[in-house]
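> Provided below are the primary sequence and the corresponding predicted coordinates.
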Amino acid sequence: MSSSVTSNKTAIWPYGPKNIFPFMNLKLQELRIRPQLRAAFESVMDSGAYIMGPQVRELEARLSEMTKTTTLSCSSGTDALILALMAYDIGPGHAVFVPSFTFAATAETVRLLGATPVFVDCTAHTYCICPQSLKEAYEQIKALGKLEPKAIISVDLFGHPVEYATLSSFCAKANLVFIGDCAQSCGATYNGQPVESFSDIATTSFYPAKPLGCYGDGGALFLTEKSSYLKDKLKSLRVHGEGKYRYEHVRIGITGRLDTLQAAFLLEKLTIFSEEVALRQQVANQYTNGLKGLEKKGVIPPVVEPVCTSV
């Protein structure tokens, strides 16, 4: 800690005017690749393809390779969840199980489509949705008989994967759609495989503070073998329910496209992404080692399960 900070009596975390340690130093990150970002910006401006330009298709191809899925970009992580729910025709009368510890968008998207979010407890050691609590909530909803259990939205909170094997097995038995929200876990793995490849359909956000973030809003959906048949429907939903040509609208959709400029920036971010994930883990290890022995004082660091890597 610099002397200038220690001498500033008003900068007492977290009550001072500024946090001493920023969660994400986006400015420092941006300075690393500013020439590349400037070139990417000029390339998009020169092309005039501001919406769904070639950089969008290139980004989708790169992400598909990285996640072992079929990737469709969209306008935000929230819209990715909305599109996933719409693709499965989830709406009034349906129950969607969501973690009780999450960002508002998880439940908000369910309500926007007229379905009912059912909150499920999270585990104390990973902060992710608890499979046993999910089972109990499912049985309660079935017993009440007022709603049809339709889907779950799991969230890899703080970059740690959920128990994908257990959740996938339960969803298969209960005939539930498994939507995996990987907004905070892009780059993480479960049993050595990308987290996006385990659920029926996965989503992510490219909000700037996310592990892989752009300089605005953006998101993506990741289709596995179980959901690949929904690709054309999702492409339609993403652009006002578009049909075979621009002014044919075969269903109700949204304005869910990713703009080309953000795709161009994300392509440059991908060039340093694996390095940033490794460096972030080094910092996490320092905190974990520094907090050892403090459990008796109530300081309990998060746990990374053996089958997982976290971002």
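Done, it's in.

> residues touching residue 307, list them.
Each residue near residue 307 by CB atoms under 8 Å, 6 or more residues apart in numbering is listed here: 190-191. Yep, even glycine has a C-beta here, placed from its N, CA and C like the rest.

> Let's see the pLDDT reported for it.
pLDDT for residue 307: 95.

> Please apply the same query to residue 13.
Reading off the model, residue 13 has pLDDT 44.

> and if you look at residue 53?
As predicted, residue 53 sits at a pLDDT of 94.

> Just give the nearest non-adjacent residue to it, would you?
residue 260 (3.5 Å; CB to CB, 6 or more residues apart in numbering).

> got it, and residue 60?
residue 71 (4.6 Å).

> any chance you could map the strands in the stretch 51-200 of the chain?
70-74, 94-99, 116-120, 148-155, 177-181, 189-190, 193-194 (DSSP state E, counting those that start in this stretch).

> export those strands to TSV and tack on mean pLDDT?
Output for those, formatted as TSV (pLDDT from 0 to 100):
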stretch	mean pLDDT
strand 70-74	98
strand 94-99	98
strand 116-120	98
strand 148-155	98
strand 177-181	98
strand 189-190	96
strand 193-194	97
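
> and of the ones you listed, who's closest to residue 53?
Among these, strand 70-74 comes nearest to residue 53, with 11.3 Å by CB to CB.

> Give me the sheet partners of the closest one and which way each runs.
strand 219-223 (antiparallel) (DSSP bridges).

> can you give me the helices for the stretch 201-311 of the chain?
231-238, 260-270, 273-290 (DSSP state H, counting those that start in this stretch).

> Looking at those, which is nearest to residue 173?
Nearest of the helices of the stretch 201-311 of the chain to residue 173, taken as CB to CB: helix 231-238 at 25.8 Å.

> list the helices and strands the closest one packs on?
For helix 231-238, the elements it packs on are strand 70-74, helix 77-87, strand 219-223, judged by 3 or more CB pairs under 8 Å, 6 or more residues apart in numbering; DSSP states H and E.

> for the record, mean pLDDT for the last one?
Spelled out, that is strand 219-223. On average, strand 219-223 scores 98.

> Run the angle between it and helix 260-270 for me.
Relative orientation of strand 219-223 versus helix 260-270 (axes from the mean of the first three to the mean of the last three CA atoms, to 10 degrees): 70 degrees.

> what do you get for the first one?
Computed by the same axes, to 10 degrees, the angle separating strand 70-74 from helix 260-270 equals 130 degrees.

> Give me the contact list for strand 70-74.
Taking CB under 8 Å, 6+ apart as the rule, strand 70-74 contacts 56, 59-61, 63-64, 80, 83, 218-223, 228, 231, 234-235, 238, 256-258, 263.

> Over to the longest one?
If you take CB under 8 Å, 6+ apart as the criterion, helix 77-87 is touched by 74, 96, 105-106, 108-110, 112-113, 115, 151, 153, 179, 181, 183, 201, 203-207, 210, 219-221, 227, 230, 233-234, 237-238, 253-254, 256.
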